[in-house]
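S.K.: Turn this into a structure:
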Amino acid sequence: MARYIPRDYLKYYRVIRHFICAKYDISYPDLEMLYFLHSEKYFCRKDFEKYDKIFSWDVNKFNRLLREGWIDKFRKHKSGRKAIYKVSQKAARMLNSLYKKLAGEEIPESPSNNPLFLKNVSYTDRRYQRMIKEMNDFIQQQRHLSPE
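M.R.: Reported below is the predicted structural model:
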């Protein structure tokens with residue numbers, strides 16, 4: 001008989017999101033925009049702007065994401081054809097890391113892999129350090145409890 005294992009993907013979402021934003025030096029709104037664009041596969045500027053309307057106003061967001069390497073131009077604009085874009089490999093790797101963490105992968109606790117564990121961090125980041133340690137302990141306990 002299969003044992004029910006709860007999937008609380010969003011239980012530690014806030015902690016994981018804070019880690020991802022710190023590690024990849026990206027803002028929450030930009031990360032949320034990339035969630036949407038990643039599922040679109042290919043998009044035009046108009047698609048971007050349609051979803052961007054629900055975010056706070058940032059006239060340079062598209063160009064900044066393009067310049068910082070979060071989105072790539074897939075097809076150039078030519079007469080009668082609009083330019084097409086896609087989420088870059090850099091963004092895809094970041095999102096895959098986030099999804100793995102949501103699925104139960106531990107967050108690294110070493111300063112070389114996690115900027116939240118550097119020596120001179122803010123009080124808020126120190127609070128996230130404690131929560132990451134608790135989260136990792138919980139994940140390890142769950143791994144030992146589940147028969148694989």
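
S.K.: Regarding this protein, what is its longest helix?
M.R.: Assignment by DSSP state H gives helix 123-145 as the longest helix of the chain.

S.K.: Tell me which other helices or strands that one touches.
M.R.: Contacts defined by 3 or more C-beta pairs under 8 Å, 6 or more residues apart in numbering; DSSP states H and E place helix 123-145 against helix 13-24. For glycine as for every other residue, the C-beta is placed from the backbone atoms N, C-alpha and C.

S.K.: List the neighbours of the longest helix of the chain that are in contact with it.
M.R.: Residues from elsewhere that reach helix 123-145 (C-beta atoms under 8 Å, 6 or more residues apart in numbering): 12, 15, 18-19, 22, 104-107, 109, 114, 116-117, 121.

S.K.: What residues sit buried inside that helix?
M.R.: Under the neighbour-count criterion of 16 or more other C-beta atoms under 10 Å, helix 123-145 has 125, 128-129, 131-132, 135-136 buried.

S.K.: pretty sure Asp72 belongs to a strand, no?
M.R.: Yes: counting by DSSP: H, G, I helix; E, B strand; the rest coil, one finds Asp72 located in a strand.

S.K.: you'd agree it is up against Ile84?
M.R.: No: using C-beta atoms under 8 Å, Asp72 is not in contact with Ile84, being 10.1 Å away.

S.K.: ok so, going back, return the distance of the longest helix of the chain from the chain's centre.
M.R.: Centroid displacement of helix 123-145 relative to its chain, using C-alpha atoms, centre = their mean, to the nearest Å, is 18 Å.

S.K.: now stretch 117-128
M.R.: Put simply, stretch 117-128 sits 20 Å off its chain's centre (C-alpha atoms, centre = their mean).

S.K.: Cheers, nothing more for now.
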